[in-house]
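*Asks:* Okay, predicted coordinates and the sequence, questions at the end:
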Number of protein chains: 2
Amino acid sequence: MNVLNCNGERLWNSLMEMSTIGATDQGGNCRLALSAEDQAGRELFMGWCKEAGMSLAFDAIGNLFARLPGLDDHLAPVVMGSHLDTQPKGGRFDGIYGVLSGLEVVRCLNEQGVQNRRPIEIAVWTNEEGARFTPAMFGSAVFTGSLALQTALDACDVDGISVAQCLDATRHVGELALQRPFDSYFEAHIEQGPILEDNGLPVGVVTGGQAICWLDVTVRGMSAHAGTTPMALRKDALFGVAQMAAQLETLCADFAPQGLVTIGQLNIAKSSRNTIAGSVTFTVDLRHHQDSQIAVMEQRVREHFQGIADQRGLPLAIERHWLSPATPFDRECVAAVRRAVEALGYPHQDIVSGAGHDAILLARHCPTTMVFIPCVGGLSHNEAEDVLPADARMGCDVLLNAVVERLQR
Amino acid sequence: MNVLNCNGERLWNSLMEMSTIGATDQGGNCRLALSAEDQAGRELFMGWCKEAGMSLAFDAIGNLFARLPGLDDHLAPVVMGSHLDTQPKGGRFDGIYGVLSGLEVVRCLNEQGVQNRRPIEIAVWTNEEGARFTPAMFGSAVFTGSLALQTALDACDVDGISVAQCLDATRHVGELALQRPFDSYFEAHIEQGPILEDNGLPVGVVTGGQAICWLDVTVRGMSAHAGTTPMALRKDALFGVAQMAAQLETLCADFAPQGLVTIGQLNIAKSSRNTIAGSVTFTVDLRHHQDSQIAVMEQRVREHFQGIADQRGLPLAIERHWLSPATPFDRECVAAVRRAVEALGYPHQDIVSGAGHDAILLARHCPTTMVFIPCVGGLSHNEAEDVLPADARMGCDVLLNAVVERLQR
């Protein structure tokens, strides 16, 4: 395999220039979706695309597509991309790295005279973060048909400003068809977790997205005076919940290392220091690579919780708030990434994406995969989010070679 | 012993008449301290006292004292009492029962021609509930010297109205000396817990108040993404806390049945369903009849928590928020109550007060004790708070005979 290399310095400089737009005090970025800063970030990117000979177009939800024509330009494009919007106190790389790696790939094709049979596009998805308009992965959800266009246009931010109003103001909207065919979609991204860094590897070959099961649990006890109620006569919901939580951690060990469990929210109703908890609600976030295993996890959680509740005489309600099945990425796209990283000789591992990404939605639309690079300390959604320039370069090299292979299909 | 009996019907009727003032929709009472309703309740009571030949006077914090002269009127009085203020959604008996049982005792003395060597008084303490002005047991705290008068007068409710302003408005204030000598103090009260009801007993001989130790605990973990962070790399503060709570319950069993432990408040900082808890704070309420034992409980809690924190690598901070020593009641007063209940032949048990009462403060000022009656379902601070008329009568009989014995000292 004839290996290509990107220009790591040029990529890094573009990342740094983008990070000057919406820069925050603590070294991060604030470019909320469809804000003036987001618009400015996109316009910087659009200027670079024009310089690279790309044409620009929008769809009805403001997803931006920069396109370099192919030799057979009627063929479905190979698409790279991610997002340029950020969390309110976001980092410089989450999303941005995928967009600007795509740009670096196109710059390399131009510079190195690589001919592309298929057209190549860079997608900038609208409001991936979900920080200004919910849900997250908003633009790719509309594109792939899992979120209705009108629902999305009507969505308002906390100030009551709608997406439709924002699109009118920015004019970042157009007539490109939703759900139009893609040959494939490749998204480079920071891992947003500590695994690659912990293993000392610059590249993750992403094989898919996890299954997620969200449960809402309510345990009812009997609210009573902490000083006047003997232990034997109590129905303390909190101690019931403590036992459930402790068993949850033990149970999860049976699914190691793929199974993940988190209690992120816990609330004692009308809590007071000297009142026995009468009602406690908490969330359970279960994750696993396999749908079959997440179903087993959920079943075992339900059985364990019910057993504890019955033993303590505490009424229990468990509601499944959300179930998102596992998303295996396309075997051929993953193989293309693996061939690229092996040809480049970069240390790597297979990894499953723990976070949501536009690619998770795109995977239901076209052959899709991702390339991960480590982020320092596993930190993301944080102004201190950081990556090593060498990792950024190596991840982009992998994207470049995988995409070039795909472009010739 | 020549046993006296109160008029249970008269007592009940007075309780019911008082409960018409500040009556709530759900059958409870709202007479917030120093409110118009509290004033009206006191004035109803004052009218009854005048009819019983008692004189009325206030001290500087608005504590009301109704006095029946003794044969040796220069002797220190035997004082009964409690409070007439209620929680915002309070019951008809908490406090009120102690005041109106005192009135019933005086009515019996008059009716049955019992001569009292010592003067007898009924105290109505200001703002016992602490619902309008903090702290609770406000009036008795000023009287006994544990709360400075000026601090108390300056205290404001949520609307910024001060105690001093309220006392000006109600004119329920006067020049009776604070900390003046009492021969003894007897407070009849509902138990505010389920023990007497559970044991099927109408009377509790109260031997003292519990020691209370309040701890504030903070466990720090590492906030991280629930989907991208392997279990082995997590520092999940919530699972640490769950283990601590579970061990706390086990530990408490070693101190059964006197040891009580409650986690009433628990907060995950910046909680989110899909974020690993980075910091959890929670309260621990420890109670025991004996100071020596509560010290052992606290020490063992600290050791257990530290052990778990060290094992999990979670920084831990434990602060002692409050320590209130146990309050043993006066041996002679308790004995007088015990002789009374035994002479009457009523089923009874010794009990330790789990809640705070004016008597707990008075115990540092003069020989003190309490008489408990059951409340239905152990329920208190609730509009549904209820007592059985027969229990109210029997408790008052015990108070009557104990006080009559004491009056002749």
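*Replies:* Nice, thanks for sending it over.

*Asks:* Could you use CA atoms for every contact and neighbour count after this?
*Replies:* Will do.

*Asks:* Send me the host helix or strand of A:D350 as CSV with only the CA atoms.
*Replies:* For A:D350, the enclosing helix or strand under DSSP states H and E is strand A:348-353. C-alpha atoms of strand A:348-353 as CSV (Å, rounded to 0.1, in the frame of the first residue of the first chain):
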residue,chain,number,x,y,z
HIS,A,348,-3.5,1.2,17.7
GLN,A,349,-6.3,-0.8,19.2
ASP,A,350,-10.0,-1.5,18.5
ILE,A,351,-12.3,0.6,20.6
VAL,A,352,-16.0,1.1,21.0
SER,A,353,-17.3,4.6,21.1
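
*Asks:* ok, it: who's next to it in the sheet?
*Replies:* The sheet places strand A:348-353 alongside strand A:203-209 (parallel), with pairing taken from DSSP bridges.

*Asks:* who touches the partner strand?
*Replies:* A:196, A:289, A:326-330, A:334, A:337-338, A:341, A:346-356, A:360, A:369-374, A:391, A:394-395 (CA atoms under 8 Å, 6 or more residues apart in numbering or on different chains).

*Asks:* Next secondary structure after it?
*Replies:* strand A:211-220.

*Asks:* If you count contacts, what does that following strand end up packed against?
*Replies:* Under the contact definition 3 or more CA pairs under 8 Å, 6 or more residues apart in numbering or on different chains; DSSP states H and E, strand A:211-220 sits against helix A:237-253, strand A:279-288, helix A:291-312, strand A:316-324.

*Asks:* and the angle from it to strand A:316-324?
*Replies:* Inter-element angle recorded for strand A:211-220 and strand A:316-324: 160 degrees (by axes from the mean of the first three to the mean of the last three CA atoms, to 10 degrees).

*Asks:* Partner strands of strand A:211-220 and their direction?
*Replies:* Using DSSP bridges, strand A:211-220 pairs in its sheet with strand A:279-288 (antiparallel), strand A:316-324 (antiparallel).

*Asks:* just to revisit the earlier point, which among the contacts of strand A:203-209 count as buried?
*Replies:* Restricting these to buried positions leaves A:196, A:289, A:326-330, A:334, A:337-338, A:341, A:346, A:348-356, A:360, A:369-374, A:391, A:394-395, with burial counted as 16 or more other CA atoms under 10 Å in any protein chain shown.

*Asks:* In strands only, show me those.
*Replies:* Mapping these onto strands (DSSP state E) picks out A:327-328, A:348-353, A:369-373.

*Asks:* what's the closest of those to B:V158?
*Replies:* A:S353 (50.8 Å; CA to CA).

*Asks:* how many other residues sit next to the nearest residue to the closest one once chain neighbours are set aside?
*Replies:* Spatial nearest neighbour of A:S353, excluding adjacent residues (CA to CA, 6 or more residues apart in numbering or on different chains): A:G209 at 4.7 Å. Per other CA atoms under 10 Å in any protein chain shown, the neighbour tally for A:G209 reads 29.

*Asks:* And A:G209, how close does it get to A:E197?
*Replies:* Separation of A:G209 from A:E197 (CA to CA, to the nearest Å): 19 Å.

*Asks:* can you tell which of the strands paired with strand A:211-220 is closest to A:P77?
*Replies:* strand A:316-324 (28.1 Å).

*Asks:* what's the angle between the closest one and helix A:237-253?
*Replies:* Going by the same axes, to 10 degrees, strand A:316-324 makes 40 degrees with helix A:237-253.

*Asks:* if we look at strand A:316-324, which residues are touching it?
*Replies:* Outside strand A:316-324, the residues that reach it (CA under 8 Å, 6+ apart) are A:211-220, A:302, A:306, A:309.
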